[in-house]
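>>> sharing a model that was predicted from the sequence below.
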Protein chains: 2
Amino acid sequence: MNVLWIMADQLRWDYLSCYGATHMETPNLDWLASQGVRFNKAYVQSPICGPSRMSYYTGRYVRSHGSTLNGAPLRVGEPTLGEHLRDHGVKYSLVGKTHMTPDTAGMKRLGIDPTGTIGALMSECGFEVVLRDDGENPTAHPGRKSAAYEAYLRRHGMEGDNLWEEWANTGVTPDGDLVSGWMLENSAYPARVSRDHSETAWLTTCGIDYIAAQGDQPWLCHLSYIKPHWPYMAPAPYNDMYSADDLPPVNRHPAEQDTDHPLLREWLKSRISRNFSRDEIRDTVGPVYMGLIKELDDQLGRLFAFLRETGRMDDTMIVFCADHGDNMGDHWMGEKDLFYDCSARVPLLIYDPRQQADATRGTASDALVEAIDLAPTFLDAFDAPAKPHILEGRSLRPILHGTPAPWRDFCVSEYDYATRPARRVNGIDQADARLVMIFDGRWKYVHVEQMRPLLYDLETDPDEIVDLGGDPRFAAQIDRMKALHFEWSRQHHTRITRDPAAVETATDRGAPPGVLIAYANRSEVDSDGRIFPTHVQQ
Amino acid sequence: MNVLWIMADQLRWDYLSCYGATHMETPNLDWLASQGVRFNKAYVQSPICGPSRMSYYTGRYVRSHGSTLNGAPLRVGEPTLGEHLRDHGVKYSLVGKTHMTPDTAGMKRLGIDPTGTIGALMSECGFEVVLRDDGENPTAHPGRKSAAYEAYLRRHGMEGDNLWEEWANTGVTPDGDLVSGWMLENSAYPARVSRDHSETAWLTTCGIDYIAAQGDQPWLCHLSYIKPHWPYMAPAPYNDMYSADDLPPVNRHPAEQDTDHPLLREWLKSRISRNFSRDEIRDTVGPVYMGLIKELDDQLGRLFAFLRETGRMDDTMIVFCADHGDNMGDHWMGEKDLFYDCSARVPLLIYDPRQQADATRGTASDALVEAIDLAPTFLDAFDAPAKPHILEGRSLRPILHGTPAPWRDFCVSEYDYATRPARRVNGIDQADARLVMIFDGRWKYVHVEQMRPLLYDLETDPDEIVDLGGDPRFAAQIDRMKALHFEWSRQHHTRITRDPAAVETATDRGAPPGVLIAYANRSEVDSDGRIFPTHVQQ
């Protein structure tokens, strides 16, 4: 068994035709869905890149791994899926993005050389790096350019100081002027790079090359795309494959702008929200976002063809997911962050090659799935130990194999907005800038520390327009969700140094040999079958 | 500034005359209290040795450091007070017990040599070990005998395979027979070791020797006594200095035995509870427990005299505390574990040599203090950075210096009973064997996962006899305490890789240089004062 774990960045589930999108076609992802299970209620553990990914890569909630902010290092020693798999003989390889920030201070503290074998793996979140490419602006990350892509572009004749920005994320106007891909108004211009050399095409080739080179050792390849994450800039022909007329209707309502909720109110005032609330921006950016998705789907078609042709469909589990979505003007917002379905809900398709999965091919599951379920699913696929004292998710095998099992009643997502201006404007302490989503399949509740909660009823209001969090008629519902949040908050999540078997043994055994607690006399010790000290009689 | 941090093991606060005990006198601790502040509401983070101490040594709640069970290793990389102090140039030394279990698996995983400089410190919870002595039976800990004490006893002519057990914890009957100190019925016999060579006397001498040898480098010495922890065995004359008549009345009521609470019911059935409910056991063990405390106080007298004579009172903060108490028959129980005041509340005396503390000498504070407050107090005393993203307690300086400051409204203690038979009898899952105490100065609430809570009103029922947790008349009170528990449960405690200053900087700065999120065009970038890419015009 091998695993090909594909991740897209900032991809909305409802832009895929297998999820019902009618404004565009994604035939290759549709094909994957037809071969496996499509998950309809898959939620990420945090709606932004870093924390979401750290949860994917550790199988642990954000509150557990502690990397709550983009750029907050994953603490040294936090166990990763890579370690669990490597211990089990599986090669765990990265082709693409992780958003991992190493805990260099922690490694220094522990005397770990970040360039040594273990330090290097830890610095890359447990991955053996085939190539790391975070879709980064080299200016922002001077020490860690997207070196591989840079070199690739240079090999193909492109020139400049900063090829990621100057070619892949620079547009060309009809007059031949170069314009910045960072600027939303420029999005519709074709990228200076051709479709053959785009980051998406290049990563696909790298993924294919990786798989082609594998031998007998089981492997998990994390093929992790940058797109359709911003900069919103696509190579021709994807830049103008769609027009504003192709966009689905924007999901927003004037009433949302009248919110009395202090957090939402400030959120709506940000540049991100203001710009993505402008029709001309959405009409410019949205079609390019669609083009980037179409490009991804085309490239996946190439990848899937390769897998079929090389017989890899027989021995490879294929997983497709995203780290979060994109508001794209919905709710008068851009980017991601909050827990609307356009942001916190993600596409998740799983193809399991095993015969036991035949019955579920092409089906959909409404189970409440969390991103942290993937790590245990992978351990399970490789028959590796489950480690439930460390991994907080659940193997999806019962769902993939159509063998009913009790499942969770609610899922959780977290967001730390400590570095957002909305925190300061509202006078919220750094430590209190916490949001927690609890979703039970119908009610979506968002705990907002120091403020009233948000509440949406997705049955009567699937578009999540009406925030019921301040409506006294829903007090009982809020109390119920609050109880779920409390239940989750109380759970163990740091007791990672004692596995369940060790706890059972300790329960059986009582005090360690030689320690005799609260025995009155020797006869009690004897009747308990414990060893009495040999140098004394009583 | 130096710190002498004295800890007793399993010492009840109400056996000290400075805390109002009338059944025995502890003049030396009384003297310390007269020189500093006596804390009347100091609670440990867990009422058993290991988890309680890991909280003391990290300044973090048990749910945060994760070492929830005795013997559960402190996870590799968990930051310790020792690291914080050492970074600040302070020598952080251990003389005595810590109950630390190193995370050898974790160290192996990270390639850390447990015998190297960093590995050795980590294995000892950040302490530079002058001597480690856990009051251990070498049978139970074959690899880590109490080697120093063993060697000391041997140097003084004692012989045997296992001197800790065969001398310090073996009694001698009037007929000269040797009997086991583990057996409660043997407690009143004098230990085979003399008072001059008891573990308490020896550790005191070691502490004095350590302090005498210090030079200019500031130091914190953790002088950590084993006693009055079991085995309950004292050297003459302490073994029969007190009789059953000297014991305070046992604090228990027949009604407690009729509890309908499934956890308490099972707890009362254990051998520990049954034996300590027998009058003849308490009458035998209790006076010896008192003797051990008296011996400790006498030895502290010797230590304090040394400090006075060497001028150390001028430059040394002296802290006296315990890791938890001892039920000693109260509530029909022995040992510790639950959150009665005899177990979870501890003595805490702090002498601060600074002039600013003069106004509070000899006073008492009713502030709700947690064991994790000591670590920040020490950092503060040494003017070291506070690190509030890691340390969860609060510096006690405002109380020591009589400068009023807002304080916490409730304190918390935790207990993981996963390895106790009461868990299995009640069919509770390992992960749910969790108790959390919330105490607000009057109401003591104990959350019991999967069962109803316990509730005591210490104003009307200071003896904690009447459990109101099942009484519907107290539903509102329970809801209030539950809300406090929830509030505490939600707090950040794993975001340890980003300090507050870094979060503020990130808030000021927005996206990193070179990353331009959601700008429509160049004029927005310019008006925001951000740098526009140089290779393009717009």
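Great, that's in hand.

>>> for residue A:121, pull up the helix or strand it's in.
Taking DSSP states H and E as the definition, residue A:121 sits inside helix A:117-123.

>>> hmm, who's touching that helix?
With CB atoms under 8 Å, 6 or more residues apart in numbering or on different chains as the test, helix A:117-123 has contacts from A:76-77, A:82-83, A:86, A:100, A:102-104, A:107, A:112-114, A:127-129, B:109-111. The C-beta positions use only the backbone N, C-alpha and C, and glycine is treated the same way.

>>> could you point out which element follows that helix?
Using DSSP H and E, the helix or strand that directly follows helix A:117-123 along the chain is strand A:128-132.

>>> output that following strand as CSV, restricted to C-alpha atoms.
Provided in CSV are the C-alpha atoms of strand A:128-132 (Å, rounded to 0.1, in the frame of the first residue of the first chain):
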residue,chain,number,x,y,z
GLU,A,128,11.6,13.9,3.8
VAL,A,129,11.8,16.8,1.4
VAL,A,130,11.9,15.9,-2.2
LEU,A,131,11.1,19.5,-2.8
ARG,A,132,9.6,22.2,-0.6
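
>>> and that strand, what's buried?
A:129, A:130, A:131, A:132 (16 or more other CB atoms under 10 Å in any protein chain shown).

>>> repeat that for stretch A:253-271.
Those would be A:256, A:259, A:261, A:262, A:263, A:264, A:266, A:267, A:268, A:270, A:271, for stretch A:253-271 by 16+ other CB under 10 Å.

>>> chain B contacts on the stretch 301-450 of chain A?
When proximity is defined as CB under 8 Å from any CB of the partner chain, the stretch 301-450 of chain A approaches chain B at A:334-335, A:416, A:418-421, A:423-424, A:430-431, A:434, A:436, A:447, A:449.

>>> return the closest of these with respect to chain B.
Closest approach between those and chain B, by CB to the nearest CB: residue A:419, at 4.1 Å.

>>> mind pulling up the pLDDT for that closest one?
You'll see residue A:419 listed with a pLDDT of 96.

>>> quick one: secondary structure of it?
Assigned by DSSP: H, G, I helix; E, B strand; the rest coil, the conformation of residue A:419 is coil.

>>> what's it in contact with, if anything?
Residue A:419 makes contact with A:69, B:503, B:506, B:507 under the criterion CB under 8 Å, 6+ apart.

>>> out of those, who's the most crowded?
Most neighbours among the contacts of residue A:419, by other CB atoms under 10 Å in any protein chain shown: residue A:69, with 26 neighbours.

>>> surely that residue touches residue A:418?
Yes - using CB atoms under 8 Å, residue A:69 makes contact with residue A:418 at a distance of 6.5 Å.

>>> need the residues touching each of these two.
Common contact partners of residue A:69 and residue A:418 (CB under 8 Å, 6+ apart): residue B:503.

>>> re the thing from before, now the two most distant members of the buried residues of strand A:128-132.
Spatial extent of these (CB to CB) is set by the pair A:130 and A:132 at 8.5 Å.

>>> which residues do the two both contact?
Between them, residue A:130 and residue A:132 share these contacting residues under CB under 8 Å, 6+ apart: residue A:94.

>>> using PDB, list the CA coordinates for stretch A:403-422.
Output of stretch A:403-422 as PDB, limited to C-alpha atoms (Å, rounded to 0.1, in the frame of the first residue of the first chain):
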ATOM      1  CA  THR A 403     -18.700  -0.900   7.700                       C
ATOM      2  CA  PRO A 404     -20.900   1.300   9.900                       C
ATOM      3  CA  ALA A 405     -19.300   2.400  13.100                       C
ATOM      4  CA  PRO A 406     -20.200   5.000  15.800                       C
ATOM      5  CA  TRP A 407     -19.000   8.400  14.700                       C
ATOM      6  CA  ARG A 408     -18.500  11.800  16.200                       C
ATOM      7  CA  ASP A 409     -21.500  14.100  16.800                       C
ATOM      8  CA  PHE A 410     -19.700  17.300  16.100                       C
ATOM      9  CA  CYS A 411     -16.600  18.700  14.600                       C
ATOM     10  CA  VAL A 412     -14.300  21.500  15.700                       C
ATOM     11  CA  SER A 413     -12.300  24.200  14.100                       C
ATOM     12  CA  GLU A 414     -10.200  26.900  15.700                       C
ATOM     13  CA  TYR A 415      -8.900  30.300  14.800                       C
ATOM     14  CA  ASP A 416      -6.400  32.500  16.700                       C
ATOM     15  CA  TYR A 417      -6.900  36.100  15.400                       C
ATOM     16  CA  ALA A 418      -4.300  37.600  17.800                       C
ATOM     17  CA  THR A 419      -2.400  39.300  15.000                       C
ATOM     18  CA  ARG A 420      -5.400  40.800  13.300                       C
ATOM     19  CA  PRO A 421      -6.300  44.400  13.800                       C
ATOM     20  CA  ALA A 422      -9.900  43.500  14.700                       C
END
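
>>> pull out the buried positions in it.
A:408, A:410-422.

>>> still on that earlier bit, for the helix holding residue A:121, list every residue counted as buried.
The neighbour-count check on helix A:117-123 (16+ other CB under 10 Å) flags A:118, A:119, A:120, A:121, A:122, A:123 as buried.

>>> pLDDT at the first one, what is it?
In other words, residue A:118. 95.

>>> and for the last one?
Looking at residue A:123, its pLDDT stands at 95.

>>> roughly how far apart are it and chain B?
To chain B, residue A:123 is 12 Å away according to CB to the nearest CB, to the nearest Å.

>>> equivalent analysis for the third one, please.
With distances defined as CB to the nearest CB, the gap from residue A:120 to chain B amounts to 11 Å.

>>> mind listing what the residue nearest the centre of chain A touches?
For chain A, residue A:323 is the residue whose C-alpha lies nearest the centre (CA atoms, centre = their mean; 3.1 Å). Neighbouring residues of residue A:323 by CB under 8 Å, 6+ apart: A:7, A:8, A:9, A:10, A:44, A:49, A:52, A:53, A:56, A:99, A:346.

>>> check those residues and tell me the two furthest apart.
A:99 and A:346 (15.2 Å).

>>> picking up where we left off before, state the pLDDT value of the residue nearest to the centre of chain A.
With respect to pLDDT, residue A:323 has a value of 98.

>>> so what's the nearest residue to it once chain neighbours are set aside up against?
Excluding the flanking residues, the one nearest residue A:323 by CB to CB, 6 or more residues apart in numbering or on different chains is residue A:52, at 4.5 Å. Contacts here follow CB under 8 Å, 6+ apart; on that basis residue A:52 touches A:44, A:45, A:46, A:323, A:324, A:371.

>>> residue A:49 contacts residue A:99, doesn't it?
Yes - here residue A:49 lies in contact with residue A:99, judged by CB under 8 Å, at a distance of 4.5 Å.

>>> buried stuff in stretch A:203-211?
Residues of stretch A:203-211 classed as buried: A:203, A:204, A:205, A:206, A:207, A:208, A:210, A:211 (neighbour count, 16+ other CB under 10 Å).

>>> wait, the last one touches residue A:221, no?
Yes - using CB under 8 Å, residue A:211 makes contact with residue A:221 at a distance of 6.4 Å.

>>> show me where pLDDT drops low in chain A?
A:137-145 (pLDDT under 70).

>>> need the contact list for residue A:217.
Listed by CB under 8 Å, 6+ apart, the contact set of residue A:217 reads A:89, A:90, A:91.

>>> now, the buried residues of stretch A:203-211 that are in helices?
Mapping the buried residues of stretch A:203-211 onto helices (DSSP state H) picks out A:203, A:204, A:205, A:206, A:207, A:208, A:210, A:211.

>>> going along the chain, name the strands of chain A.
A:2-8, A:37-43, A:91-96, A:128-132, A:170-172, A:178-180, A:219-224, A:316-322, A:345-351, A:363-370, A:411-416, A:434-439, A:443-448, A:454-457 (DSSP state E).

>>> what's in contact with the longest one?
Right, the one you point to is strand A:363-370. Taking CB under 8 Å, 6+ apart as the rule, strand A:363-370 contacts A:37-45, A:348, A:393, A:396, A:399, A:402, A:407-412, A:439-441.

>>> for chain A, which helix is longest?
helix A:279-309.

>>> okay, now the residue nearest to residue A:189 when sequence neighbours are not counted: neighbour count?
Leaving aside its sequence neighbours, residue A:189 sits nearest to residue A:171 (CB to CB, 6+ apart; 3.1 Å). Residues lying near residue A:171 (other CB under 10 Å) number 25.

>>> alright, that wraps it up for me.
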